[in-house]
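Asks: Give the three-dimensional model of this entry:
(one chain, ligands or ions: 3)
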Amino acid sequence: MNTRIVTIARHLVDQEKNFPEATGEFTSLMWDLTIAFKIISKEVNRAGLAQYLGLTGEENVHGEKLQKLDVFAHETIFRAMDHGGHLCVMASEEDPGIIAIPSKFKKGKYVLLYDPLDGSSNIDVNVSIGSIFSILRKRTSGPDGTLDDCLQPGTEQVAAGYVVYGSSTMLVYTTCQGVNGFTLDPEIGEFLLSHPHIKTPEYGSIYSINEGYSAEWDSGTQQYIHSLKGQKSPQGKAYSMRYIGSLVADFHRNLLQGGIFLYPASCKDPTKPKPKLRLLYEANPLSLIVEQAGGRSSTGAQRILEIVPTSLHQRVPLVLGSAGDVLTYEKFFQGAASGIARSA
Ligand code: AHG
Ligand code: MN
Ligand code: MN
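Replies: Ligands and ions are numbered 1, 2, ... in the order given. Here you go, the predicted model:
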């Protein structure tokens, strides 16, 4: 049980000490982000009362109906981050293109990619939702960030994290020195270290997938899911299916307890597999976190973090969580793809 009272500010400063060349820019970037998350948390917790329920009537670049809280979260993160002087460019799920830093503000050496509100379909029914962020270093010359600065493989991330707005608000992040979780104490407005050095179990007893789409899955995924049913996991427990429909909430539970989250591509048209989740601000940040916690993340065929992005909102199949479970899945997926059916 962690007894020390460690705020996220203290933790950020302590982690900065491990980088002798650190200028403190990254630390203040992260601090600004935590302010945005506190503001969003307050609104999420009163969404039922505020005017945020319901749809804006608009759609985002993906043709998804925009919930008012999506817009609020998107704008809150932008307004908290546009003037700090640490970023050269941003990109958000809720904006079709890259987001330039206003010319009146100093530009910095970092890139911020974010999903301001994940699990929006759950907003109106009071089910946990989240925010996800990924931080890269600028790699092009000149002060202004470009699309090229955003299209870097996940291995180039310098930090990644998510917030889950649930029964409590938790922020989990990594700067590639392990994974740590902080719980917001709304009385004092501080994120306090509650889950130091998170490690995910090698095997879990939970699988998370939208079974409603099982007819659209590739045969490897179908064989893998079938192989779990009625079986005991290496943890010695029968497998349970848990699916909230908010990636962050499903991921967070599996990270702490062990398990595997799967969102395979729809193979309704076998010639054109259609994945749903976005690489830059959903798959990559959560993949960095799960690998830093000892887990694994892949498309079934390829390590997520090694995918070289070609567009801002590109989608990928995502299977991540306990390393042993993901490895087992990959054998089913690749076996079926090469024509070798596997038994349970
Ligand atoms: P977002 O709200 O940012 O668009 O993300 C929704 C995603 C993800 O949170 C979740 O895992 C998935 O959509 C659920 O999709 P289905 O409803 O198709 O299962
Ligand atoms: Mn999302
Ligand atoms: Mn979203």
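
Asks: what's the single longest helix in the protein?
Replies: Looking across the chain with DSSP state H, the single longest helix is helix 25-45.

Asks: List the contacts of the residue lying closest to residue 121 once chain neighbours are set aside.
Replies: In space, and not counting its chain neighbours, residue 121 is closest to residue 245: 6.2 Å by Cβ to Cβ, 6 or more residues apart in numbering. For glycine as for every other residue, the C-beta is placed from the backbone atoms N, C-alpha and C. Applying Cβ atoms under 8 Å, 6 or more residues apart in numbering, we find residue 245 in contact with 119, 121, 122, 127, 210.

Asks: So what sits opposite residue 263 in the bridge?
Replies: In this entry, residue 263 is beta-bridged to residue 318, by DSSP bridges.

Asks: got a list of what it touches?
Replies: Contacts of residue 263 by Cβ under 8 Å, 6+ apart are 209, 210, 247, 275, 276, 277, 317, 318, 319.

Asks: Now the phi/psi pair for residue 264, please.
Replies: phi -70, psi 160 (degrees, to the nearest 10).

Asks: That one: neighbouring residues, count only.
Replies: 27 (other Cβ atoms under 10 Å).

Asks: Check the one 4 residues further on too.
Replies: The local packing of residue 268 (other Cβ under 10 Å) involves 12 other residues.

Asks: same deal with residue 141?
Replies: 6.

Asks: thought residue 164 was touching residue 127?
Replies: No - using Cβ atoms under 8 Å, residue 164 makes no contact with residue 127, being 11.2 Å away.

Asks: what's the overlap in contacts for the two?
Replies: Joint contacts of residue 164 and residue 127 (Cβ under 8 Å, 6+ apart) are 246, 249.

Asks: which of the contacts of residue 245 tops the neighbour count?
Replies: residue 119 (21 neighbours).

Asks: what about it, distance to residue 307?
Replies: According to Cβ to Cβ, to the nearest Å, residue 119 stands 23 Å off from residue 307.

Asks: ditto for residue 217
Replies: For residue 217, the distance to residue 307 - Cβ to Cβ - is 21 Å.

Asks: Also residue 285?
Replies: Residue 285 is 13 Å from residue 307, by Cβ to Cβ.

Asks: Settle it for me: which of the two has more neighbours?
Replies: Neighbours per residue, other Cβ under 10 Å: of residue 285 and residue 307, the larger number sits with residue 285, 25 against 20.

Asks: residues in contact with the nearest residue to the more buried one once chain neighbours are set aside?
Replies: Using Cβ to Cβ, 6+ apart and skipping residues adjacent in sequence, the residue nearest residue 285 is residue 160, 3.5 Å away. Contact analysis of residue 160 by Cβ under 8 Å, 6+ apart lists 133, 134, 135, 173, 174, 284, 285, 286, 288, 289.

Asks: before we move on, which element is residue 160 in?
Replies: According to DSSP states H and E, residue 160 maps onto strand 159-165.

Asks: continuing past that strand, what's the next helix or strand?
Replies: strand 169-174.

Asks: Could you give the separation of that next one from the chain centroid?
Replies: 10 Å (Cα atoms, centre = their mean, to the nearest Å).

Asks: what bits of this structure have low per-residue confidence?
Replies: Where the chain drops to pLDDT under 70, the residues are 1-3, 47-57, 65-67, 340-344.

Asks: Any residues of it in contact with ligand 2? List them.
Replies: 115, 118 (Cβ under 5 Å from the ion).

Asks: Show me the domain layout of the chain.
Replies: Using automatic domain parsing, the domain ranges for the chain come out as 8-195, 206-337.

Asks: The single nearest residue of the stretch 201-344 of the chain relative to ligand 2: what secondary structure?
Replies: Nearest residue of the stretch 201-344 of the chain to ligand 2, counting by Cβ to the ion: residue 282, 5.1 Å away. Under DSSP: H, G, I helix; E, B strand; the rest coil, residue 282 falls in the helix class.

Asks: That one and residue 270, how far apart?
Replies: Following Cβ to Cβ, the distance that separates residue 282 from residue 270 is 24 Å.

Asks: Between the two, which has more neighbouring residues?
Replies: Neighbours of residue 282 and residue 270, each counted by other Cβ under 10 Å, are more numerous for residue 282; the result is 26 against 9.

Asks: Surely that one and residue 132 touch.
Replies: Yes - if you go by Cβ under 8 Å, residue 282 and residue 132 touch, sitting 5.9 Å apart.
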